[in-house]
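1. Compute the structure for the input listed below.
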Amino acid sequence: MKLNSLRTTFLAAALSCAILPSAASAGIFDDDEARKAILDLRAKVDAVNARLDAKLESKADKSTALELANENELLRSEIAKLRGQIEVLSNDLANTQKRQQDFYVDLDNRVRKVEPKRMTVDGQEATVDVSEQRSYDAAMALFKAGDYKAATPAFSSFLMNNPQSAFAGSAQYWLGFSYFAQRDFRNTILNMQQVVKNYPDHPKAPDALLNIASCHIELKEKAAAKKVLESVLAKYPDTEAAQAAKNRLAALK
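-> Below is the predicted model:
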């Protein structure tokens, strides 16, 4: 084996091994510890290459070709080992980054589920807490299912725990209606009066007055019913409730 060709073979092998770590570690230098470890391994490869150059320069006669060939194999083995370490480290780093990314995505999704949301409630923009909406939705689900006995305490509990909620006006109205569905007219009147008093601009306020009038009619309190119907006309003249109040007043005469 010619000394020059042997040297060329050694250098080609060393150069290819020196390039590989750089490619294997591309795009993962955002992790400081992994970057340092990979740079250390690359330094070891450079050191092996330097040793190879030194040996080639010091062995000038053909009698040393076999010795150089043996040492070349040892150097190749050491470089291959370093390359393997870099591959393992790169793979571990990629897996760690993937786990971290999955963790942050999951954390972000969890935070989004519990943080307050901006939404439109009864025509008004409001910030609604997740637990607040769940409580209101649970009460409404009972009401829609026709379980008025269970809906009554559910709405009462919601109002007690969330007095400033954007859903408070609606909860007060549906609480009154839950009593009405159970033909508890006195409690219906009390709760519908709270709607009119505390939420006079609520979309359900005119209907609350109509329900109060209906309760007075059921209780044979005709004069009280007429008074309430007239207040619908006075307070909410341009609503569908006002037209309904006119019709009921005509029927009461």
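
2. Could you use CA atoms for every contact and neighbour count after this?
-> Noted.

3. For the host helix or strand of Ala151, list every residue counted as buried.
-> Assigned by DSSP states H and E, Ala151 belongs to helix 148-161. Using 16 or more other C-alpha atoms under 10 Å as the burial criterion, the residues of helix 148-161 that qualify are 148, 151-152, 154-159.

4. What is the burial count for Lys227?
-> The local packing of Lys227 (other C-alpha atoms under 10 Å) involves 12 other residues.

5. so how far is Gln182 from it?
-> Computed with C-alpha to C-alpha, to the nearest Å, the distance linking Lys227 and Gln182 is 24 Å.

6. ok, now which ones touch Asn162?
-> Contact partners of Asn162, counting by C-alpha atoms under 8 Å, 6 or more residues apart in numbering, are 132, 168.

7. what about 10 Å?
-> For Asn162, the contact set (C-alpha atoms under 10 Å, 6 or more residues apart in numbering) comprises 132, 135-136, 156, 168.

8. quick one on the thing from earlier: distance from the helix holding Ala151 to the middle of the chain?
-> 29 Å (C-alpha atoms, centre = their mean, to the nearest Å).

9. ok, back up a step: among the contacts of Asn162, which pair sits farthest apart?
-> Farthest apart among the contacts of Asn162 by C-alpha to C-alpha are Glu132 and Ser156. That separation is 13.3 Å.

10. The closest residue to Gln85 other than its chain neighbours: how many residues sit nearby?
-> Sequence neighbours aside, Leu41 is the residue nearest to Gln85 in space, at 8.0 Å (criterion: C-alpha to C-alpha, 6 or more residues apart in numbering). Applying other C-alpha under 10 Å, we find 19 residues neighbouring Leu41.

11. The helix or strand hosting Arg248: how far from the chain's middle?
-> According to DSSP H and E, Arg248 maps onto helix 240-252. Distance of helix 240-252 from its chain centroid, counting by C-alpha atoms, centre = their mean, is 49 Å.

12. Buried ones in that helix, by neighbour count?
-> For helix 240-252, by 16+ other C-alpha under 10 Å, it's 241-242, 244-245, 248-249.

13. Put together a markdown table for those, with distance to Pro200 and pLDDT on each row.
-> A markdown table is the format used below for those (distance: C-alpha to C-alpha, whole Å; pLDDT from 0 to 100):
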| residue | distance to Pro200 | pLDDT |
| --- | --- | --- |
| Ala241 | 14 | 94 |
| Ala242 | 15 | 94 |
| Ala244 | 18 | 94 |
| Ala245 | 17 | 94 |
| Arg248 | 22 | 93 |
| Leu249 | 22 | 93 |
